[in-house]
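Any chance you could fold what I've pasted below:
(chains A and B)
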Amino acid sequence: MGTTARKGKAGLILRILATTAVFAIALTFVAPLVWMVSASFKLPGDIFEFPVRWIPKTFRWQNYGIVWNFLPEAPRDYRFALAYFNSAKVTAINVFGSVLTSCLAGYAFAKLRFKGRDFLFLLYLSAMMIPQEVVLIPKFILFDRLGLIGTHWPIILPYLVTPTGTFLMRQYFLQIPDSLRESAKMDGAREFTIWRKIMLPLAMPAVASLGVLTFMWNWNNFLEPLVFLTRSRTYTIPVALAGFIDENLSDYSIIMAASVSALLPMVLVFLAGQKYFIKGLTAGAVKG
Amino acid sequence: MEATVPRRKSPRDDSVAGYAFIAPNLLIFAAFTLLPFVFTVATSFTDWDYTQGFGAIRFNGGHNYLEIWKDKWFLDSLKNTVFYVAGTVPVTIGIAVVLATVIDRAVAGKDLAKLLLFIPYISNIVAVSIVWTVLLAPSGPLAKAALAVGFRMPVWLADPHWVMTAIVAMSVWLGVGYAVMIYSAALGGIPEELYESGDIDGAGPFQKFFCITLPMLSHTTFFLTVTLIVAGFKVFGQIFTMTQGGPASSSHVLVYYIYTAAFRFFRMGYASTISVVLFAFLLGVTVLQWRGQRKRED
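Presented below is the predicted three-dimensional model:
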């Protein structure tokens, strides 16, 4: 980083102070999550112990067994495994679908010339303002008429396209020189082949960024699954967790075990794709 | 741009490929965002009760748009949403810019610190909301800690005067990591010479922060302000999980009202009107953003 060049004794002391302060604050910020993990292993009666015992006195692994229904004392099957599967299925389809449509349209907007291109792109830019919250009601009515309420379609179909992703991919393709496309064109390559064999491989960093972003959006999506998924069989994790909390308000330790289970996959995906994730989030900020 | 009329020697037109590449994207987008949006606006001028079926759609002019201003639940939702935005945006940005600057000066563990701050942002909203519900409970660890130092906390989520403050505090916790991440990226782009000439002029750390760092980050601050305002108007998950809009209407927000009006009471017309109002606010923010950007480019 740029600042390492600065020297001097006062500067060093300042920087050691800064480091200490940063860690004190960062630890305070994760404390609620650490508390959650710790509580998820406690006996229900130990959760409200004070001062907080960060390492449980007795580890109650059964909390997870109850949530996941592999212990006989589980009062009933909360179908958490099924919710995991549903979330994974919907997220996988939507990540693949929206990355694909974004790469296709982003490429066309950046590199191809056709009538109405700029108008259509402007349409996309302005439509980025229409949040899903505002079109929730007509979507509900549409899917209800189609008999699709209670299936996964209402949280898949609209999410196969993201204007933000289309915009992100267009910006990336703009940076790739036209000459690559033109020389392939001379050799008689078809447009789809150029896109698939030349352009897409070059755009992989942007694809990865968009991939982890769409993973997060879909994995954590809550409002629409809450409205559209009316059968417990189809619940995704956030909805399953909300239902689970409603049913178990008396036992916070298993609620915490369910919560830890719910956010673990996202944390793992983030750790794995950290670099791309941050690139994706900052792409809009730097360009403005 | 010169999109429509190719001016090169060999006229180039990629229409077939162009439309084919865009078609899947455009069709889905039109079907599930553009057309529904038109429908929302149209429905907002009706008093449609969904349980009565399609025969019950009756236009009532702009009646809903007058009605909302007499509706206590709508007014409270609007007030609470504005309170939420006015609370979360400056506090999140204020904490984040200081933290990002301090992290940038740290000797070691910059990435780890940013990572720890960031985890709440990527976490499932229902999971973190329930954690905060327990933390803020009257028998929870925060209340006990406060009591241990001789201070009685409000019953945050059950107290109409404090509930939105608690939601704002929790949401700042959620968003600070994101803002720090964005600021950190921007800090890397500030030329080191600026700080060196600051050193030569004998500027202290605070002077450098206010006279160099903050002005150089103004673009990022602008971006974050817009992004956080837009996100703030759409707040829902925390409210749904932690308070269900209560006690009474004291933490009702716009999206939560849309949700209950449409999907508990099936008042599709009225709920659409609130959706259009929500959109109008977001549109206003975007117009201000465009203006601001143009000013910057001049």
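
can you pull the buried residues of the helix or strand that contains B:Ala143?
Taking DSSP states H and E as the criterion, B:Ala143 maps to helix B:141-148. Using 16 or more other C-beta atoms under 10 Å in any protein chain shown as the test for burial, helix B:141-148 gives B:Pro141, B:Leu142, B:Ala143, B:Lys144. Every residue, glycine included, has its C-beta placed from N, CA and C.

again with stretch A:247-258
Under the neighbour-count criterion of 16+ other C-beta under 10 Å, stretch A:247-258 has A:Asn248, A:Tyr252, A:Ser253, A:Ile254, A:Ile255, A:Met256, A:Ala257, A:Ala258 buried.

Excluding chain neighbours, what is closest to the last one?
Translated: A:Ala258. Nearest residue to A:Ala258 in three dimensions, chain neighbours excluded: A:Val67, at 4.7 Å (C-beta to C-beta, 6 or more residues apart in numbering or on different chains).

Does that neighbour touch A:Ile254 like I think?
Yes. Assessed by C-beta atoms under 8 Å, A:Val67 is found in contact with A:Ile254 at 5.8 Å.

Run through the chain and note the low-pLDDT ranges.
Going with chain A. Counting by pLDDT under 70, chain A has low-confidence residues at A:1-7, A:73-75, A:284-288.

I was thinking of chain B, sorry if that wasn't clear
Using pLDDT under 70, chain B drops low at B:1-12, B:296-298.

Mind listing what's buried along the longest helix along it?
The single longest helix within chain B, with elements called by DSSP state H, is helix B:72-105. Across helix B:72-105, burial judged by 16+ other C-beta under 10 Å covers B:73-74, B:76-78, B:80-81, B:83-85, B:87-89, B:91-93, B:95-105.

Tell me which other helices or strands it touches.
helix A:9-39, helix B:110-122, helix B:163-187, helix B:218-233, helix B:254-263, helix B:268-297 (3 or more C-beta pairs under 8 Å, 6 or more residues apart in numbering or on different chains; DSSP states H and E).

let's see it at 10 Å
When contacts are defined as 3 or more C-beta pairs under 10 Å, 6 or more residues apart in numbering or on different chains; DSSP states H and E, helix B:72-105 packs onto helix A:9-39, helix B:110-122, helix B:163-187, helix B:205-208, helix B:218-233, helix B:237-242, helix B:254-263, helix B:268-297.

burial count for B:Leu112?
13 (other C-beta atoms under 10 Å in any protein chain shown).

any idea how far A:Val22 is from it?
Noted for B:Leu112: a distance of 9 Å to A:Val22, by C-beta to C-beta, to the nearest Å.

Spatially, what comes nearest to B:Thr243 if we skip its sequence neighbours?
In this structure, B:Thr243 finds its nearest non-sequential neighbour in B:Ser251, 4.4 Å apart by C-beta to C-beta, 6+ apart.

quick one, what contacts the one you found?
Shown in contact with B:Ser251 (C-beta atoms under 10 Å, 6 or more residues apart in numbering or on different chains): B:76-77, B:80, B:83-84, B:157, B:160, B:163-164, B:166-167, B:235, B:238-239, B:242-245.

Can you tell me the SS state at it?
With DSSP: H, G, I helix; E, B strand; the rest coil as the basis, B:Ser251 sits in coil.

try A:Asp144
helix.

For it, give me its contacts.
A:Asp144 makes contact with A:Gly150, A:Pro154, A:Phe228, B:Tyr50, according to C-beta under 10 Å, 6+ apart.
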